[in-house]
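# Could you work out the structure for the sequence below:
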Amino acid sequence: RKKERKKERKKERKKERKKSLLVGEHTGLEKLDLSSACLRKEYIEQIGRLFPSVLTEDRGEDGFLRAGIDFDKLKDILAPALAEGQETYEFRWVGKSKAMREAGQATTKTLRPDLDESVDFDQSENVFITGDNLEALKILQESYLGAIDMIYIDPPYNTGKDFVYKDNFHKTVAEQDEAEGNLDEEGNRLYKNEKTNPRYHSDWLNMMYPRLVLARNLLKDSGVIFISIDDNEQANLKAICDEIFGEENLLSTHHIKVRYGEKNLNEKKDFQEILEYIYIYAKDASKFVANRPKEEYTFEKFNLEIEELKEADEIFYYKDRKVEVFKNGSYLIEKKQGNIDLFKETWISGSIYSGTGHGLTYQKIVEPRIEIDGVGAIYKIYGLGEDGLGYRYMSNPIKEGANRGKMFTKLPLEKREAFLNGSLEKTRPIINFYDFAADFGNIRHEGGIPFNAGKKPVKMLSQLINYKSENDIIVLDFFAGSSSTAHAVLKMNAQDGGNRKFIMCTLDEKAEGNKEYKTIDQISRERIRRAADKIRKEQPDKAKDLDLGFRAFRVDESNFRDVSVTPSEMVQGNLLESVDNIREDATALDLLFQVMLAWGSRLSLKISEQKLEDNTIYSVDEGSLIACFDDRITEETIRALAQQKPQRAVFKDTSFTHSADKINLTQIFKEVSPETQVKVV
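Residues are numbered from 1 along each chain as shown. You can find the predicted model right below:
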């Protein structure tokens with residue numbers, strides 16, 4: 001009888017909510033949008049704010065009318081002289097338009113926490129994601145937009161043998177793979193991109209393009225991305241990176257020696273490749289500050305003393321600038337032991353002569369006087385210099401037939417002050433060639449796990465990470481493989497006590513020939529665990545203060561059924577079905593993380609659990625977000641939550657039997673905590 005009464009009450013709640021939906025009764029509560037950010041919509045809104053007249057309506061494939069752009073009008077505004085069919089420089093390939101659209105399309109998928117695979121889930125701020133990285137990047141768009149400091153990726157090299165991702169932009173992954181026969185008997189989704197494939201390069205570019213667009217969105221303005229590649233696609237990779245990041249943001253093309261010249265990979269080949277490449281792009285080169293190599297500043301070159309033996313032979317003015325002339329024999333330049341109070345000489349030639357203010361001054365003041373004053377004269381030009389003297393010495397050529405002069409400078413005041421304070425350092429540029437052949441040769445031993453598909457040396461990755469001077473950065477690798485990048489992050493933190501965090505993403509691809517681990521993601525997580533254990537064993541004192549864990553997640557279907565419904569699907573039967581729209585296997589923690597992602601909260605935020613009455617309450621980031629997903633929530637619980645005055649509160653729609661319950665919920669928060677955003681899912 002109890003079961004029957006429970007069923008009856010459930011039916012009554014469904015009827016009540018169905019009635020509410022059909023008559024459109026307003027309760028004051030909004031549904032939380034659970035899909036990922038739609039970049040296309042945001043782009044259109046940005047263009048619309050600049051040029052309102054170009055906005056129009058566009059009916060999508062799903063039947064909805066959405067805002068669109070009238071490109072003819074936009075062209076009239078921005079490029080009225082642009083002729084149809086005019087040739088311009090561009091990089092095209094088969095499928096590019098679809099790849100560009102894919103980057104802007106939203107996903108309804110989510111990340112489900114995997115507590116069993118996590119290490120120190122409650123405390124760790126590191127993140128490990130298993131699943132398709134394209135979906136993962138879309139899911140992260142809200143929470144990590146403009147938040148990532150550094151990205152390193154080692155994408156599949158398009159060698160004709162390696163497995164690469166295959167994406168389709170209209171069908172689901174399963175539909176596409178089934179249609180094209182890309183699934184093996186165990187259901188693996190990856191396929192071989194043979195060189196005989198006429199779309200050999202296009203398929204690889206279509207895989208990379210949307211991922212790089214989404215990756216750029218995640219970078220901070222001061223952020224940087226490193227991409228490893230070999231000769232097969234390095235030219236095409238540079239072309240799409242120039243388009244996505246901008247040619248002006250290419251910081252360097254690193255040349256990496258990955259093997260010894262005497263090691264033959266294929267005796268049939270005429271040429272032996274020993275180099276691979278790393279393209280380094282900033283999101284905004286003007287805001288990226290490299291951690292350049294430092295060395296002690298020395299004064300060896302500041303070793304000249306200049307003495308005026310008599311008054312100037314002549315004084316003249318150039319545009320109100322006083323110039324004193326000391327002809328040959330009227331001065332003495334003596335070389336001494338270098339120190340902070342002496343002069344350094346610099347030849348005025350090359351780029352200094354043609355591209356600096358010093359060169360221009362030399363051309364305007366010194367050069368015209370050579371025939372007048374003879375060779376070997378020096379000029380004391382007032383109003384120049386950063387060394388506090390108030391003047392700068394320049395000389396014309398020393399002997400007949402010479403065409404180069406010099407300038408003589410002391411240490412700039414800023415550097416002088418830094419030296420006196422004990423903080424003067426000299427930096428030098430980062431070179432773009434490194435020999436890691438020995439490290440690549442020993443790579444199979446790194447991490448203590450069997451993995452032969454593209455490991456990268458921790459030493460190399462540590463060097464790249466160190467190009468960012470801050471030690472509290474977020475590092476993302478969405479082609480994580482065996483998680484060499486995470487290993488490097490943990491090792492660097494152990495060395496300098498840093499607080500770097502990582503986000504790794506890799507597929508649960510089958511681990512070929514591995515008897516111990518079935519999938520790549522299992523190998524990847526195990527490597528992180530072993531790297532952490534090694535730190536705990538070798539550096540126990542430091543390990544106590546380090547984050548050596550990670551929160552594991554899996555890309556999965558939404559925890560909510562029918563999160564998006566087309567007009568043709570919006571029928572009475574679906575309204576009733578939507579009453580219970582939560583998947584049966586979804587846990588409260590699953591729901592919480594999908595809500596966090598939809599609301600733009602980071603996956604690393606601290607989460608606490610408490611009991612109020614008979615309800616379980618989740619508090620995220622010390623109460624900035626509270627959530628309760630119980631089937632029934634008492635009014636006492638709602639009032640207690642409202643009194644905590646959270647920024648946001650979310651509840652399960654089916655927790656409220658009647659419309660009056662929802663109205664009561666909104667009224668309580670309006671009365672007690674009017675600033676709180678309250679939504680249901």
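# So, low pLDDT: which residues of the chain?
Scanning the chain for pLDDT under 70 picks out 1-28, 35-39, 53, 58-66, 76-77, 79-88, 160-198, 263-266, 452-454, 562-580.
# distance of the residue nearest the centre of it from residue 463?
The centre of the chain sits closest to residue 219, judged by C-alpha atoms, centre = their mean, with a distance of 3.2 Å. Separation of residue 219 from residue 463 (C-beta to C-beta, to the nearest Å) stands at 20 Å. In short, each C-beta sits where N, CA and C put it, glycine included.
# In a strand, residue 43, correct?
No: remark: residue 43 does not belong to a strand; assigned using DSSP: H, G, I helix; E, B strand; the rest coil, it is helix.
# which residues does it contact?
Counting by C-beta atoms under 8 Å, 6 or more residues apart in numbering, residue 43 touches residue 104.
# can we see that at 6 Å?
By C-beta atoms under 6 Å, 6 or more residues apart in numbering, the contact set of residue 43 is empty.
# I'd say the residue nearest to the centre of the chain and residue 282 touch.
No: under the criterion of C-beta atoms under 6 Å, residue 219 is not in contact with residue 282, lying 8.4 Å apart.
# Residue 395 touches residue 402, doesn't it?
No: Residue 395 lies out of contact with residue 402 (C-beta under 6 Å); the separation is 10.7 Å.
# Who has more neighbours out of those two?
Applying other C-beta atoms under 10 Å to residue 395 and residue 402 shows that residue 395 carries more neighbours, namely 24 against 12.
# quick one: residue 534 from residue 601, how far?
32 Å.
# Then residue 461?
Taken as C-beta to C-beta, the span from residue 461 to residue 601 is 29 Å.
# now swap in residue 373 and tell me
According to C-beta to C-beta, residue 373 stands 73 Å off from residue 601.
# Would you mark the buried spots in stretch 386-395?
Of the residues in stretch 386-395, 387, 391, 392, 393, 394, 395 count as buried by neighbour count, 16 or more other C-beta atoms under 10 Å.
# Kindly reformat those as CSV and extend each row with distance to residue 293.
What follows is the buried residues of stretch 386-395, written out as CSV (distance: C-beta to C-beta, whole Å):
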residue, distance to residue 293
387, 26
391, 34
392, 30
393, 32
394, 32
395, 33
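# Include distance to residue 635 and secondary structure when you put those residues into a markdown table, please.
Below are these laid out as a markdown table (distance: C-beta to C-beta, whole Å; DSSP: H, G, I helix; E, B strand; the rest coil):
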| residue | distance to residue 635 | secondary structure |
| --- | --- | --- |
| 387 | 76 | coil |
| 391 | 82 | strand |
| 392 | 81 | strand |
| 393 | 86 | strand |
| 394 | 85 | strand |
| 395 | 90 | strand |
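# quick one on the thing from earlier: shared neighbours of residue 219 and residue 282, anything?
Once C-beta under 6 Å, 6+ apart is applied, it turns out that residue 219 and residue 282 contact no residue in common.
# C-alpha coordinates for the longest strand belonging to the chain, PDB please?
In terms of residue count, the longest strand belonging to the chain (DSSP state E) is strand 219-229. The C-alpha atoms that make up strand 219-229 are tabulated as PDB, following Å, rounded to 0.1, in the frame of the first residue of the first chain:
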ATOM      1  CA  LEU A 219      44.700  31.100 -23.200                       C
ATOM      2  CA  LYS A 220      45.200  34.200 -21.100                       C
ATOM      3  CA  ASP A 221      46.200  37.300 -23.100                       C
ATOM      4  CA  SER A 222      49.700  36.700 -21.800                       C
ATOM      5  CA  GLY A 223      49.500  33.000 -22.500                       C
ATOM      6  CA  VAL A 224      51.600  30.800 -24.800                       C
ATOM      7  CA  ILE A 225      51.100  27.500 -26.700                       C
ATOM      8  CA  PHE A 226      53.800  25.000 -27.700                       C
ATOM      9  CA  ILE A 227      53.100  22.500 -30.400                       C
ATOM     10  CA  SER A 228      55.400  19.600 -31.300                       C
ATOM     11  CA  ILE A 229      55.500  18.500 -34.900                       C
END
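# neighbouring strands for it, and are they parallel or not?
Counting by DSSP bridges, the strands paired with strand 219-229 are strand 148-153 (parallel), strand 275-282 (antiparallel).
# which of those sits most buried?
Neighbour counts averaged per stretch over the strands paired with strand 219-229 are highest for strand 148-153, at a mean of 23; criterion: mean count of other C-beta atoms under 10 Å.
# May I ask which helix or strand encompasses residue 237?
When elements are defined using DSSP states H and E, residue 237 is found to belong to helix 234-245.
# Show me which positions of whichever helix or strand comes after that helix end up buried.
Reading on from helix 234-245 to the C-terminus, the next helix or strand found by DSSP H and E is strand 250-257. With burial defined by 16+ other C-beta under 10 Å, the residues of strand 250-257 counted as buried are 250, 251, 252, 254, 256, 257.
# report the angle between the axes of strand 250-257 and strand 275-282?
With axes from the mean of the first three to the mean of the last three C-alpha atoms, to 10 degrees applied, the angle from strand 250-257 to strand 275-282 works out at 160 degrees.
# For strand 250-257, which outside residues touch it?
Where contact means C-beta under 6 Å, 6+ apart, the residues beyond strand 250-257 that reach it are 274-282, 432-437.
# cool, and stretch 295-303?
Defining contact as C-beta under 6 Å, 6+ apart, one finds that stretch 295-303 is touched by 335, 336, 338, 339, 340, 342, 344, 424, 425, 426.
# Which among the residues you listed count as buried?
Burial of these was assessed by neighbour count (16+ other C-beta under 10 Å); the buried members are 342, 344, 424.
# What about these, which are in strands?
Members of these lying in strands (criterion: DSSP E): residue 344.
# Please identify which of the strands paired with strand 219-229 is closest to residue 516.
Taking C-beta to C-beta as the measure, the strands paired with strand 219-229 were each checked against residue 516, and strand 148-153 came out nearest at 26.3 Å.
# could I get the closest one in CSV with only the CA atoms?
Coordinates of the C-alpha atoms in strand 148-153 are reproduced here as CSV (Å, rounded to 0.1, in the frame of the first residue of the first chain):
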residue,chain,number,x,y,z
ILE,A,148,45.1,29.1,-19.1
ASP,A,149,48.7,30.3,-18.9
MET,A,150,50.4,27.7,-21.0
ILE,A,151,49.4,24.9,-23.4
TYR,A,152,51.7,22.1,-24.6
ILE,A,153,50.4,19.6,-27.2
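# chain center to it, what's the gap?
Taking the mean C-alpha point of strand 148-153 and that of its whole chain, the gap between them comes to 4 Å (C-alpha atoms, centre = their mean, to the nearest Å).
# which one of the buried ones among the contacts of stretch 295-303 is nearest residue 659?
Set against residue 659, the nearest of the buried ones among the contacts of stretch 295-303 by C-beta to C-beta is residue 424 (72.0 Å).
# Give me the nearest residue to that closest one, chain neighbours excluded.
Spatial nearest neighbour of residue 424, excluding adjacent residues (C-beta to C-beta, 6 or more residues apart in numbering): residue 418 at 4.2 Å.
# before we move on, back to that, determine the angle, from 0 to 180 degrees, between the helix holding residue 237 and strand 219-229.
For helix 234-245 against strand 219-229, the angle by the same axes, to 10 degrees is 170 degrees.
# Return helix 234-245 as PDB; C-alpha atoms alone will do.
Included here for helix 234-245 are C-alpha records, laid out as PDB according to Å, rounded to 0.1, in the frame of the first residue of the first chain:
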ATOM      1  CA  GLN A 234      55.000  21.400 -40.100                       C
ATOM      2  CA  ALA A 235      54.300  23.700 -43.000                       C
ATOM      3  CA  ASN A 236      50.500  23.200 -42.800                       C
ATOM      4  CA  LEU A 237      50.600  23.500 -39.000                       C
ATOM      5  CA  LYS A 238      52.400  26.900 -39.300                       C
ATOM      6  CA  ALA A 239      49.800  28.000 -41.900                       C
ATOM      7  CA  ILE A 240      46.800  27.300 -39.700                       C
ATOM      8  CA  CYS A 241      48.600  28.700 -36.600                       C
ATOM      9  CA  ASP A 242      49.400  31.900 -38.500                       C
ATOM     10  CA  GLU A 243      45.700  32.200 -39.300                       C
ATOM     11  CA  ILE A 244      44.400  31.300 -35.800                       C
ATOM     12  CA  PHE A 245      47.000  33.000 -33.600                       C
END
